[in-house]
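Enquirer: got a sequence here, can you model it:
(one chain, ligands or ions: 2)
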Amino acid sequence: MKKFDIAVIGSGPGGYVAAIRCAQLGLKTAIIEKYSTLGGTCLNVGCIPSKALLDSSEHYHNATHSFSEHGINASNISADLSQMIARKNKVVEQTCSGVKYLMDKNKIEVLEGVGSFKDKNTLLVNTGNETQEIEADKIIIATGSKPNYFPGMEPDKKRIITSTEALNMKEIPKKLLVIGAGVIGLELGSVYKRLGAEVEIIEFASKILPTMDGTISKEFTKVLKKSGFKLHMDHKVQNVENKGETVVVKALNKKNQEVEIEGDYCLVAVGRKPYTKGLSLENAGIQTNQKGQIEVNENLQTSCPNVYAIGDVVRGAMLAHKAEDEGVYVAELIAGQKPHINYNLIPGVVYTWPEVASVGKTEEELKAAGKEIKVGSFPIKALGRARASMDISGLIKIIADKETDEVLGVHMISARAADLIMEAVIAMEYKASAEDIARICHPHPTYSEAMKEAALAATEDRAMHI
Ligand code: FAD
Ligand code: NAI
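Expert: Ligands and ions are numbered 1, 2, ... in the order given. As a prediction, the model looks like this:
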């Protein structure tokens, strides 16, 4: 039987990064993946393919909506969805084979098959045809998550689809219904809206991106409505039916009246659930909670002390960079180091256009906690750079402690917010005050000037360019 210091189950961003860090630290490492390609949800059916389609659809949208204003005459422009999907597949293939290269480079043994526990140190790897046993001192579970759905909205993967099918469509929907105004609904809804579909979003809560700062949610709602999204807020979906050529969603509105909404596809995007199927956790005495997450302590250790769990399968944000940081954390902990993760500073980004990004606490959370705060915000339209590129929607909002001026939360909706948010993350990691940010020289003309102006507004209400 092969013996390892560490065996990692699952090769998503949590698992493969954990394996690399273990190998870097001199530990003999194996990684078990049930699919033939490495990279997990993120690389195969998540972050990477969705961003590839977002980028292609954005080019198409710009070509059809803003080229002429820029003085570029382009005629006979059409969207070739099959080519967009083919390009996306190529990006995925290259990225996944990059992970295989990294495994080989770091001398990590890749075992293809479903991993399960025989006991706390023995794993079975089942390929379907045969089962091999391996032994490991420590095991890291990184089995990720799958799309969630509620009774009445079970995806049939034909017209009632999840994000996985939405990334592989054969045609551009005429009218795409989306259940859930969360990250997936807004990103993939944007892809097909830009390609010409009508998009109607049916959301249970009263605001889009319900966990984000209220100001951002309000501003983003305006942007989405202006670009033609139809939003049905406060609607509780009862049932979704595939009628052959169409799909019908029945929902109860705020007044408890039943409404019917018809389209040709329905994307179910109501969250994801942790995935532990087939692991036989009971053979190692590993417990899960009511949400199906593997229970872990502050060291990401399960109820079985030599087994750790990271990423989407445990509590916390379901984000690739959170999974990666947890992978590094566990590897370093096992190697005897003293790693640290600041969960308050895990940034969240929605890759729509404009992009939405945030870090730290929202105004609602801080007020609920009784914190005395001050808020500074600055509209993107006041920036010279924004007018030059015609991306004028949005704002940056900085929330600081009223007394100490320490930055407690930064929320933005802006072109390039996905990259801008890192200034806020770094500032907050070093416990900067709003005035610290305001006094730093920001290059002109850039979107980053809105950070400086929002910080000036938060410091003493002295933004300069408004
Ligand atoms: P996963 O990536 O889910 O990987 C788990 C792996 O474990 C899979 O390969 C699975 O096959 C394997 N596995 C499961 N059980 C077993 C078993 N018993 N034996 C062997 N292998 C097993 N996050 C971001 O931060 N940014 C984004 O832009 C972003 N976009 C997304 C877009 C979409 C459409 C989706 C669906 C998700 C997106 N996410 C994004 C979320 C991100 O993909 C996840 O947070 C991330 O992949 C979690 O990583 P993980 O390693 O925990 O699990
Ligand atoms: P989500 O949690 O972001 O949004 C789900 C939405 O569905 C919520 O607004 C919720 O109120 C709504 N909802 C729940 N039940 C409903 C019902 N019965 N009827 C109507 N609406 C209902 O989940 P989503 O969008 O599925 O994404 C899953 C995960 O994937 C997220 O946790 C996210 O972290 C991750 N992800 C991250 C991305 C990024 O970082 N850019 C991109 C895509 C996904």
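
Enquirer: packing partners of the helix or strand containing Leu267?
Expert: Leu267 belongs to strand 265-268 when elements are defined using DSSP states H and E. Strand 265-268 makes packing contacts with strand 160-161, strand 175-179, helix 183-194, strand 247-252 when contacts are defined by 3 or more C-beta pairs under 8 Å, 6 or more residues apart in numbering; DSSP states H and E. C-beta here means a position set from N, CA and C on the backbone, and glycine is covered the same way.

Enquirer: list the strands paired with the second one, with their directions.
Expert: Taking DSSP bridges as the criterion, strand 175-179 sits next to strand 198-202 (parallel), strand 265-268 (parallel) in its sheet.

Enquirer: are that strand and ligand 1 in contact anywhere?
Expert: No: on the criterion C-beta under 6 Å from any ligand atom, strand 175-179 is out of touch with ligand 1, staying 12.5 Å away.

Enquirer: tell me the mean pLDDT for that strand?
Expert: Mean pLDDT, strand 175-179: 98.

Enquirer: next: the first one.
Expert: Regarding strand 160-161, the rounded mean pLDDT is 98.

Enquirer: beyond it, next helix or strand please.
Expert: Downstream of strand 160-161 (by DSSP H and E), the next one is helix 163-166.

Enquirer: quick one, what contacts Arg159?
Expert: 242, 246-247, 264-266 (C-beta atoms under 8 Å, 6 or more residues apart in numbering).

Enquirer: I'd like those as CSV, with distance to Ser116 appended.
Expert: Converted to CSV, the contacts of Arg159 look like this (distance: C-beta to C-beta, whole Å):
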residue, distance to Ser116
Asn242, 34
Thr246, 42
Val247, 37
Asp264, 40
Tyr265, 36
Cys266, 34
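
Enquirer: need the buried ones from these selected in PyMOL.
Expert: To isolate the buried subset of the contacts of Arg159 in PyMOL, counting by 16 or more other C-beta atoms under 10 Å, use the following:
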select buried, resi 246+247+264+265+266
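
Enquirer: of the contacts of Arg159, which is the nearest to Met212?
Expert: Nearest to Met212 among those is Cys266, at 24.0 Å by C-beta to C-beta.

Enquirer: and the closest one, what is it in contact with?
Expert: Contacts of Cys266 (C-beta under 8 Å, 6+ apart): 153, 159-161, 176-179, 240, 247, 249.

Enquirer: tell me which two of those sit farthest apart.
Expert: Farthest pair in those, by C-beta to C-beta: Met153 and Leu176, 14.9 Å.

Enquirer: tell me which of these two has more neighbours.
Expert: Taking other C-beta atoms under 10 Å, Met153 and Leu176 do not tie; Leu176 has more neighbours (27 against 19).

Enquirer: what sits against the residue of the stretch 351-466 of the chain found nearest ligand 1?
Expert: Relative to ligand 1, the nearest point of the stretch 351-466 of the chain is Tyr351 (5.9 Å; C-beta to the nearest ligand atom). The contact partners of Tyr351, by C-beta under 8 Å, 6+ apart, come to 50-51, 54, 187, 418.

Enquirer: cool, Asp156 as well?
Expert: Asn242.

Enquirer: repeat for Ile179
Expert: Ile179 makes contact with 153, 185, 202-203, 237, 240, 249, 266-270, according to C-beta under 8 Å, 6+ apart.

Enquirer: which of those lies closest to ligand 1?
Expert: Of all the contacts of Ile179, ligand 1 sits closest to Ala269, with 8.4 Å by C-beta to the nearest ligand atom.

Enquirer: how many other residues sit next to the residue in the stretch 101-250 of the chain positioned nearest to ligand 2?
Expert: Nearest residue of the stretch 101-250 of the chain to ligand 2, counting by C-beta to the nearest ligand atom: Gly182, 1.8 Å away. Other residues within reach of Gly182, judged by other C-beta under 10 Å, total 22.
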